[in-house]
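A.B. asks: Whatever this is, show me its structure:
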Amino acid sequence: MSGQPAAVALHPNGDRTSVHVDGATVRLVRLDGRGTRLGHAALHTSAAPGELVTTMATALPLPAPGGALLRVAGDTVTVIVRTPPGDMLVCRLRYRTRQGYRLLRRTLVRVPQTRA
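C.D. replies: The predicted structure is shown next:
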């Protein structure tokens, strides 16, 4: 994993979670206040066969392609990643010290293309 993270968020206890987007792979890394890696998770942006895909319009600004939005609530993180051709992958994960990240929810959202 190289380059700058697409997003970084600070947890109330001083830990940080960073999101790195590399093509179809999204990596989350949890670091303590000294920069020591505590845990990580890898997600894939492509829909698995049979995966539910939600279609919805959104007024929210989408992250740039290859970008991400990251929100923290205690030890739970929500990451939104822009996927080709402009859809969004929304994942919610919980971090536990001994178990690492656990995926709580994953939704692929199709954003209808607007016509100008």
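
A.B. asks: Tell me the first helix or strand C-terminal of the helix or strand of the chain with the lowest mean pLDDT.
C.D. replies: Least confident element among the helices and strands of the chain, by mean pLDDT, DSSP states H and E: strand 53-55 (a mean of 65). The helix or strand immediately downstream of strand 53-55 is strand 68-73, counting by DSSP states H and E.

A.B. asks: Tell me which other helices or strands that next one touches.
C.D. replies: On a contact count with 3 or more Cβ pairs under 8 Å, 6 or more residues apart in numbering; DSSP states H and E, strand 68-73 meets strand 7-10, strand 16-22, strand 76-83. All C-beta spots, glycine's among them, are computed from the backbone N, C-alpha and C.

A.B. asks: Next, format the ones you listed as CSV and append mean pLDDT.
C.D. replies: Output for these, formatted as CSV (pLDDT from 0 to 100):
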stretch, mean pLDDT
strand 7-10, 92
strand 16-22, 92
strand 76-83, 90
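
A.B. asks: so which of those gets nearest Arg102?
C.D. replies: Evaluated with Cβ to Cβ, the helices and strands packed on strand 68-73 place strand 76-83 nearest to Arg102, the distance being 9.9 Å.

A.B. asks: For the next helix or strand after the closest one, which outside residues touch it?
C.D. replies: Note on strand 76-83: by DSSP H and E, the next helix or strand toward the C-terminus is strand 87-96. Residues from elsewhere that reach strand 87-96, judged by Cβ atoms under 8 Å, 6 or more residues apart in numbering: 17, 26, 28, 30, 38-39, 41, 43, 45, 58, 62-63, 75-83, 101-111.

A.B. asks: The residues you listed, buried ones only, as a ChimeraX selection?
C.D. replies: Restricted to buried positions by 16 or more other Cβ atoms under 10 Å, the ChimeraX selection for these reads:
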select :17,26,28,30,39,41,43,45,62,63,75,77,78,79,80,81,82,83,101,106,108,109,111
